[in-house]
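Peer 1: based on what follows, work out the 3D shape:
(chains A and B)
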There are 2 protein chains.
Amino acid sequence: MIYTNSKYKAKNMKRTKIVEALKSQAYQSAINVKGWVRTKRGSKGVAFIQLNDGSTIHDMQIVVDLEKLGEDSIKFVHTGACLSVDGKLIPSQGSGQSVEIQAESIEVLGAADPEKYPMQPKAHSMEFLRENAHFRPRTKTFSTVLRLRHGLAFAIHQFFHQKGFYYLHSPIITASDAEGAGEMFRVTTLDAKNPPLTETGEVDFSADFFGRQTNLTVSGQLEGEIGALAMGEVYTFGPTFRAENSNTARHLAEFWMIEPEMAFYELEDNMDLAQEFIQYLVRFALENYPDDLKFLDERLAKEESQKKAEERSEMGLVEKLRFVVENDFKRITYTEAIDILLSSNHHKKGKFQYEVKWGIDLQSEHERYLVEKHFKQPVILYNYPKNIKAFYMKQNENEEVGRETVRAMDVLFPGIGEIIGGSQREEILEKLEQRIKELNMPEESLWWYLDLRRFGSAPHSGFGLGFERLLMFVTGMSNIRDVIPFPRTPKSAEF
Amino acid sequence: MIYTNSKYKAKNMKRTKIVEALKSQAYQSAINVKGWVRTKRGSKGVAFIQLNDGSTIHDMQIVVDLEKLGEDSIKFVHTGACLSVDGKLIPSQGSGQSVEIQAESIEVLGAADPEKYPMQPKAHSMEFLRENAHFRPRTKTFSTVLRLRHGLAFAIHQFFHQKGFYYLHSPIITASDAEGAGEMFRVTTLDAKNPPLTETGEVDFSADFFGRQTNLTVSGQLEGEIGALAMGEVYTFGPTFRAENSNTARHLAEFWMIEPEMAFYELEDNMDLAQEFIQYLVRFALENYPDDLKFLDERLAKEESQKKAEERSEMGLVEKLRFVVENDFKRITYTEAIDILLSSNHHKKGKFQYEVKWGIDLQSEHERYLVEKHFKQPVILYNYPKNIKAFYMKQNENEEVGRETVRAMDVLFPGIGEIIGGSQREEILEKLEQRIKELNMPEESLWWYLDLRRFGSAPHSGFGLGFERLLMFVTGMSNIRDVIPFPRTPKSAEF
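Peer 2: I've put the predicted structure just below:
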């Protein structure tokens, strides 16, 4: 279905991406663009098509002279249809764009029946869009999120590459279950109904594909330490998994995590890197995706305006991002944080639901109070009680009994909560072995992890950043399912 | 354990990476380096330590004046020990390096008992190194491979970013099993021994975490097409899985794959991109890792010299890489390839084990003949018989019955075989539906894939590159288990 101005000779032109075409000033020259119709509107004898090809948030306006091309030329032009348009690049008559294309030939590569195509140009609920995840990237909001997702992923690799870190692929399928970071998915090829059994009637995992029970990784950190204690500075960036039945706006069963791990870094170096890293990424977004962020900023402002006054965020999206780039993160110890909470009016008026005392695992309400009410900026909490943190964290020395701490750190962000968790690692064999015993952990499965302390040990540190949490912060999206192309959540694995 | 020249004042100096120190000409200035001992040797009153920190293939030579620092200063300095060395940067007396460090203070951060540390400075079998995967990155060969693995991963992201492609995270856990690309791992949280059963006595997957049976992905292509038909050009780069019981030097159960997918690309564009992509990556390696490649080149030459003359490769590693960068890949159709095979002396003398005739799936011996004997260069084969290729490949038109082909392409490399497989995709709904029926595939699970052809369809193409296959080619390593940090193979999932 090609509709052509009869005087026009099709030239089989090379496609120009719309992001390039919009920057061009080669007026009157012939051009070909391809993309999907966002909207079509008409006035007497002329039709205007907004065409988008994903290369930019902006559409190319196609002007169709219906006398020249015939009324039939736009018969199949509906929202969602894919077109190839030959035409002339001209300065735009209207506002909102600098150039537009006077169509000479319109080819409908793929129609989209307006009676059936689900993505009509009207407001859709986010849930509706999730159910149509195969068309969601064609919407303005979601394609913008995907561009930022790409940009930040690239910035992550660039940041570490420039600093001399090595990208290390930690394993996805793992037999190690010692991290205790959460519930795991089992990976198996055993018969689901009639698994082989041992003599004592238990499932015989020695007959499974890997000769033992295996799971999907919850963290690449332990393997990251292998890399750091040989190559110096490494990072992972890969999928991680939690089989937790949490149907919330902040949890996914499958998400992407970045975990740098560095030899010769102490806790302070770790905090420096965490701040530098996040500021680099946010700056990268601000510098490279201004139009996408402007759109998301306006989107969020609209969403916020529908909230009650006291629930509204004090800053706009871009303002918040600038603030993060321009200000050091506040660093305080866990003990100082408890003191602040205890002496707060909020506490004195009994407004905290959960008890505040030294030794507790801080609840979301406590973290939010510190970050959003007290400091009003990103906060790094460090030196947490030993008993609420993981076995591998470095124990502080010379502390009073009952107030033993480890060199852990959490970076807390307004509106997001914990965005980074990390620590200096215990590098002293005897201390680590003792901690493993105290916690009754299976030492034998950690043989290689202990070996790292047995031979050529060194101080080292690292942290983990949830990629989708970062994206929520940068895009202002309030549901984590809307910052990943194909969310995996309880009872949901479509596409 | 700090051993210091008594006249020397420790200054708590900032670490300099060895890659930077080796480039420095700040002779006589104070410097601190940290790293792991490769070797130690001594002569009268002086010890020489080769220290490596992973930042480069090269070691820093530490010169220890035993009269000044005392004999005890090297008591714990053995292969694998981790040291922090303060000293003076001086021009090197010996050959092989431009600078060295005159030690003023040696701190042993982590010892490595030579009686127990497995990685002693002698030749180890590759199998021994795999069993010690937690120390393998401390060896020269493996750290070199890891540096190239990092460099090529970065180059992949840079290549696509510069071309305006978006990095798309396709799902790892998937309910779609229609691709037929291979055996799959099941992902489950059901009780392994007593799974819930339905009324008819089958396993009740509706009670599983995702409410249905799920598997680990074998390819992100189908989801990649969702991205391409909205954003234009996308690529995936993530782990993929095959539960095949193949214990070979070319197979892994978990490996990383890159899958670009592009709207508006026909098969020729796809071939152009594949060649440009591989040439970019190989050039990146040649330009950025010359010393690592020189070492691997010599390593391979040594390995080759132990082979029989007729099995030796004609080119050295670097020579082979340069050849790939400088020469177009030869493009021939499957039909032409069959003709070449049929008229070869090799065939006439009955040297092929498997029959050669139009319609066969080419065997490794056929591909090797074409690539290594006939053309002696990379070859792109295209237009394969429809019956030996996947359902989604675009059908060629106007062909004789019995010789129907699809717009598939495979890139074949000397010594590696298939390194890329791809195709133009069938974008016409009716043709795709018909093919799905012919193959008795479950159409209902492909509803969204068919929707892509129903609404706003467009010509599009893509391919998949096995990252480890590429690494084998670039590093010259002959076993795929030695180009990934933690290989997953049948009966093996340690670390």
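
Peer 1: ok now stretch A:475-490, how far from the chain's centre?
Peer 2: How far stretch A:475-490 lies from its chain's middle: 8 Å, per C-alpha atoms, centre = their mean, to the nearest Å.

Peer 1: gap between the two ends of that stretch?
Peer 2: Taking C-alpha to C-alpha, to the nearest Å as the measure, stretch A:475-490 stretches 24 Å from start to finish.

Peer 1: so, in contact with chain B or not, it?
Peer 2: Yes - on the criterion C-beta under 8 Å from any C-beta of the partner chain, stretch A:475-490 is in touch with chain B at A:Ile484, A:Pro485, A:Phe486, A:Arg488, A:Pro490. To be clear about C-beta, it is placed using only N, CA and C from the backbone, and glycine gets the same treatment.

Peer 1: tell me the one of those residues nearest chain B?
Peer 2: Nearest to chain B among these is A:Phe486, at 4.3 Å by C-beta to the nearest C-beta.

Peer 1: and that closest one, that's in a helix?
Peer 2: No - assessed with DSSP: H, G, I helix; E, B strand; the rest coil, A:Phe486 is coil; it does not lie in a helix.

Peer 1: just to check, A:Asp53 is in contact with A:Arg38?
Peer 2: No - with contacts counted by C-beta atoms under 8 Å, A:Asp53 stays clear of A:Arg38, the gap being 10.6 Å.

Peer 1: neighbour-wise, which of the two wins?
Peer 2: When neighbours are counted by other C-beta atoms under 10 Å in any protein chain shown, A:Asp53 and A:Arg38 differ, and A:Asp53 comes out ahead with 25 against 18.

Peer 1: returning to that earlier point: got a markdown table for the residues of stretch A:475-490 next to chain B, with pLDDT too?
Peer 2: Shown next, in a markdown table, are the residues of stretch A:475-490 next to chain B (pLDDT from 0 to 100):
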| residue | pLDDT |
| --- | --- |
| A:Ile484 | 98 |
| A:Pro485 | 98 |
| A:Phe486 | 97 |
| A:Arg488 | 98 |
| A:Pro490 | 96 |
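
Peer 1: farthest-separated two in those residues?
Peer 2: Greatest spatial distance among the residues of stretch A:475-490 next to chain B (C-beta to C-beta): A:Pro485 and A:Pro490, at 18.6 Å.

Peer 1: elements contacting the helix or strand A:Phe473 falls within?
Peer 2: Assessed by DSSP states H and E, A:Phe473 sits inside helix A:467-475. Packing contacts for helix A:467-475, counted by 3 or more C-beta pairs under 8 Å, 6 or more residues apart in numbering or on different chains; DSSP states H and E, involve helix A:140-162, strand A:254-263, helix A:267-288, strand A:417-424.

Peer 1: what's the spacing between the third one and its chain's center?
Peer 2: Think helix A:267-288. Offset of helix A:267-288 from its chain centre (C-alpha atoms, centre = their mean): 15 Å.

Peer 1: any residue of that helix up close to chain B?
Peer 2: No - figure legend: helix A:267-288 not in contact with chain B (C-beta under 8 Å from any C-beta); closest approach 10.0 Å.

Peer 1: and for the shortest one?
Peer 2: No - remark: strand A:417-424 sits outside contact range of chain B, by C-beta under 8 Å from any C-beta, the gap being at least 13.7 Å.

Peer 1: list the buried ones in the helix or strand following that strand?
Peer 2: Counting by DSSP H and E, the next helix or strand C-terminal to strand A:417-424 is helix A:429-438. For helix A:429-438, the neighbour count (16 or more other C-beta atoms under 10 Å in any protein chain shown) marks A:Leu429, A:Leu432, A:Glu433, A:Arg435, A:Ile436 as buried.

Peer 1: how about the contacts made by the first one?
Peer 2: Taking C-beta atoms under 8 Å, 6 or more residues apart in numbering or on different chains as the criterion, A:Leu429 is in contact with A:Leu450, A:Arg453, A:Arg454, A:Ser457.

Peer 1: for A:His124, state which of the residues of stretch A:475-490 next to chain B is nearest.
Peer 2: Ranked by distance to A:His124 (C-beta to C-beta), those are led by A:Pro485 at 16.9 Å.

Peer 1: so what's that closest one up against?
Peer 2: Shown in contact with A:Pro485 (C-beta under 8 Å, 6+ apart): A:Ala133, A:Arg136, A:Pro137, A:Leu146, B:Leu168, B:His169, B:Ser170, B:Pro171, B:Glu223, B:Ile226, B:Gly227.
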